[in-house]
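>>> Please work out how this folds:
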Amino acid sequence: MARRDQRGGGGIAVLNGSGQFGRVRLVAETGSTNADLRALAVAGWPEGQWLRAERQTAGRGRLGRDWQSLAGNLHASTLIRLRPGDPPVTGLGLLLGVAVHAALSSLLPHAALLLKWPNDVMVGRAKLAGMLLEREGEAVVAGIGVNVAFAPPLPDRETIALADLPGGTALDAGAVLDALVESLDRWLARWRAAGNGAILSAWLARAHPVGTPLAVSTGADRPQRGRFLRLGSDGALILGLDDGTQITIHSGDVGMLP
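Numbers count the residues shown, from 1 in each chain. All right, here's what the predicted structure looks like:
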């Protein structure tokens, strides 16, 4: 039976405390796990603990997009507590993508997964998983959504679910999060020990190759079209335009072109 949890998250009903090493608080429904953790960060939510919702009613993606949170998919957030001596936080977005890619690849080692800048996990041109990082004081809230059972239809992009891939129907959101908890632990430790350079190298090994045609929108202006050249030392996207010039993208919406 569900019980009421009075420690945060608006008193939402906790189903159980299952998960990797008991580190996951599972709730039946909430507005947004990221919004809950932003509030709980002030109350001392520790690094390494996760909040997972079976359903979100106000999930968000990057650039303020709605994130469709279908039951059966993974919607979860965790908190990264910044420490003195940590590398620059510009590497965290790429780190999160690497950790999710590594976790999903460990579950489906034959799936052709790749990263799209900065941290979407793709199968071809179809989106499988997305992430949203938000700063809250000296902490970063990391939200992750993975299409496990269903691929929500979106008007402007292709989507795919783990269940659409060979072997994927045997997976559920809990198993995916267990793999992700372990993977993020490992990559956070590597980031702290080896710095952003190690993360950039790991990201490039998993990402769309150099020369991939991309369209980048940074706001109301017409999207820039070019080819992926490299990453900057801070993780920025370096885009080569048809006229031979290069532009540096620190934030924007990226699509892969045919």
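>>> Quick one: neighbours of Ala194, just the number.
13 (other Cβ atoms under 10 Å). Where C-beta positions appear, they are placed from N, C-alpha and C, glycine not excepted.
>>> swap in Pro155?
For Pro155, the neighbour count with other Cβ under 10 Å is 4.
>>> element containing it?
When elements are assigned from DSSP states H and E, Pro155 belongs to no helix and no strand.
>>> The residue nearest to Gly168 when sequence neighbours are not counted: neighbour count?
Sequence neighbours aside, Leu162 is the residue nearest to Gly168 in space, at 3.8 Å (criterion: Cβ to Cβ, 6 or more residues apart in numbering). Neighbourhood size, Leu162 [other Cβ under 10 Å]: 29.
>>> Contacts only, for Leu162.
Neighbouring residues of Leu162 by Cβ atoms under 8 Å, 6 or more residues apart in numbering: Leu104, Leu107, Leu108, Leu128, Val146, Asn147, Val148, Ala149, Gly168, Leu171, Val176.
>>> Which of these fall within helices?
Using DSSP state H, the members of the contacts of Leu162 that fall within helices are Leu104, Leu107, Val176.
>>> who wins for neighbours among the residues you listed?
Neighbour tally across the ones in helices among the contacts of Leu162 (other Cβ under 10 Å): the maximum, 26 neighbours, falls on Leu104.
>>> Surely that one is in contact with Leu113?
Yes. Leu104 is within contact range of Leu113, at 5.9 Å (criterion: Cβ atoms under 8 Å).
>>> and stretch 80-88, which residues are buried?
Buried residues in stretch 80-88, defined by neighbour count with 16 or more other Cβ atoms under 10 Å: Ile80, Asp86, Pro87.
>>> How about the second one: what's its closest non-neighbour residue?
In this case it means Asp86. Nearest non-adjacent residue to Asp86, counting by Cβ to Cβ, 6+ apart: Arg192, 6.2 Å away.
>>> In three-state terms, how would the one you found be classified?
Secondary structure for Arg192, judged by DSSP: H, G, I helix; E, B strand; the rest coil, is helix.
>>> I figured it was touching Pro88, is that so?
No. Counting by Cβ under 8 Å, Pro88 is not a contact partner of Arg192; they are 11.9 Å apart.
>>> Show me whatever sits in contact with both of those two.
Here Arg192 and Pro88 have no joint contacts, going by Cβ under 8 Å, 6+ apart.
>>> any idea where the strands of the stretch 51-200 of the chain begin and end?
Remark: strands assigned in the stretch 51-200 of the chain by DSSP state E, counting those that start in this stretch are 74-81, 113-116, 120-123, 126-136, 139-146, 158-159.
>>> Distance of the residue nearest to Gly168 relative to Val181?
According to Cβ to Cβ, to the nearest Å, Leu162 and Val181 sit 17 Å apart.
>>> returning to what we had before: now for Leu104 and Leu113: what residues contact both?
Val121, Leu128.
>>> now for whichever strand or helix holds Ala28, which elements pack on it?
Using DSSP H and E, Ala28 sits within strand 24-30. Contacts defined by 3 or more Cβ pairs under 8 Å, 6 or more residues apart in numbering; DSSP states H and E place strand 24-30 against strand 13-16, strand 50-56.
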